[in-house]
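Here is the input, now give the coordinates:
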Amino acid sequence: MSFKKGYVQVYTGNGKGKTTAAIGLAIRALGAGKKVLFLQFMKTNTYSEHKILPNISPNLTIKTIGKPFFVARKEDLDPEIRAQWENKCVIFEPGNPPQEYVDLISQGIEEAKKALQNQEYDLVILDEINVSMYFELAPVKKVLELIEEKSPEVELVLTGRNCPQEIIDRADLVTEMREIKHYYTQGVQARVGIEN
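This is a model prediction of the structure:
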């Protein structure tokens with residue numbers, strides 16, 4: 001029951017809603033009887049969607065490929081922010097990402113590769129894979145290989161901010177979520193059921 005032709009979609013940009021859009025697409029595909037693999041890179045199962053998505057359909061497989069601590073490049077954080085995040089985040093020098101994260105993401109890419117080639121799924125969503133590439137945890141070359149080697153009928157969705165230009169150039173559909181205004185700037189933290 002796969003698609004006649006599966007396209008490559010990218011949801012990127014600094015605005016809110018990339019994962020939310022991917023979840024919506026997954027639900028739509030499930031409603032049409034499609035099989036969906038939702039791989040969440042750089043996340044653990046602490047997000048609210050993990051309380052509901054695993055139970056909505058036997059045609060949905062959702063997995064997280066992350067660790068409790070997020071990562072950040074030292075150059076991306078000003079000293080004040082760095083001090084605040086020191087014990088909540090793995091901060092690394094550009095070009096030297098933490099190997100255990102690289103290894104974990106590599107395992108996720110291998111799982112995605114199998115899923116994209118064996119035609120078990122109609123829709124494969126690689127949530128936050130763009131961020132993984134930005135942080136040098138996933139080589140852009142490997143993700144391009146996923147795109148090139150996927151079965152033609154499988155739809156592929158890549159989410160996350162800072163999508164590399166090479167991926168944008170190869171994708172069939174690119175949506176940029178652009179932040180115009182956000183309550184984070186007023187000190188509002190991530191809220192359960194909305195951002196988390």
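
Just the residues contacting stretch 129-149, thanks.
Stretch 129-149 is contacted from outside by 8, 10, 12, 39, 41-42, 71-73, 94-95, 97, 101-102, 105-106, 109, 112-113, 116-117, 126, 156, 158-164, 166-167, 170-171, using C-beta atoms under 8 Å, 6 or more residues apart in numbering. (Glycine included, C-beta is placed from N, CA and C.)

CA atoms only: put it into CSV for me.
Extracted C-alpha coordinates of stretch 129-149, given in CSV (Å, rounded to 0.1, in the frame of the first residue of the first chain):
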residue,chain,number,x,y,z
ILE,A,129,18.2,14.9,11.8
ASN,A,130,19.0,18.4,10.4
VAL,A,131,20.1,19.4,13.9
SER,A,132,22.3,16.3,14.1
MET,A,133,24.0,17.3,10.9
TYR,A,134,24.4,20.9,12.1
PHE,A,135,26.2,19.6,15.3
GLU,A,136,28.4,17.3,13.1
LEU,A,137,26.9,14.2,14.7
ALA,A,138,25.5,13.0,11.4
PRO,A,139,27.6,13.5,8.2
VAL,A,140,25.7,15.3,5.5
LYS,A,141,27.1,12.8,3.0
LYS,A,142,25.4,9.9,5.0
VAL,A,143,22.0,11.6,4.9
LEU,A,144,22.4,12.3,1.2
GLU,A,145,23.1,8.6,0.7
LEU,A,146,19.8,7.8,2.6
ILE,A,147,18.0,10.0,0.2
GLU,A,148,19.6,8.6,-2.9
GLU,A,149,19.3,4.9,-1.8
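
secondary structure class for Leu137?
coil (DSSP: H, G, I helix; E, B strand; the rest coil).

rewinding a little: just the ones of the contacts of stretch 129-149 in helices?
Of the positions in those, Tyr101, Val102, Ile105, Ser106, Ile109, Ala112, Lys113, Leu116, Gln117, Glu166, Ile167, Arg170 sit in helices, assigned by DSSP state H.

Please report the number of neighbouring residues for the nearest residue to Tyr101 once chain neighbours are set aside.
Take Tyr101 and drop its neighbours on the chain: the residue closest to it by C-beta to C-beta, 6 or more residues apart in numbering is Leu137, 5.2 Å away. Neighbourhood size, Leu137 [other C-beta atoms under 10 Å]: 24.

Thanks a lot, catch you later.
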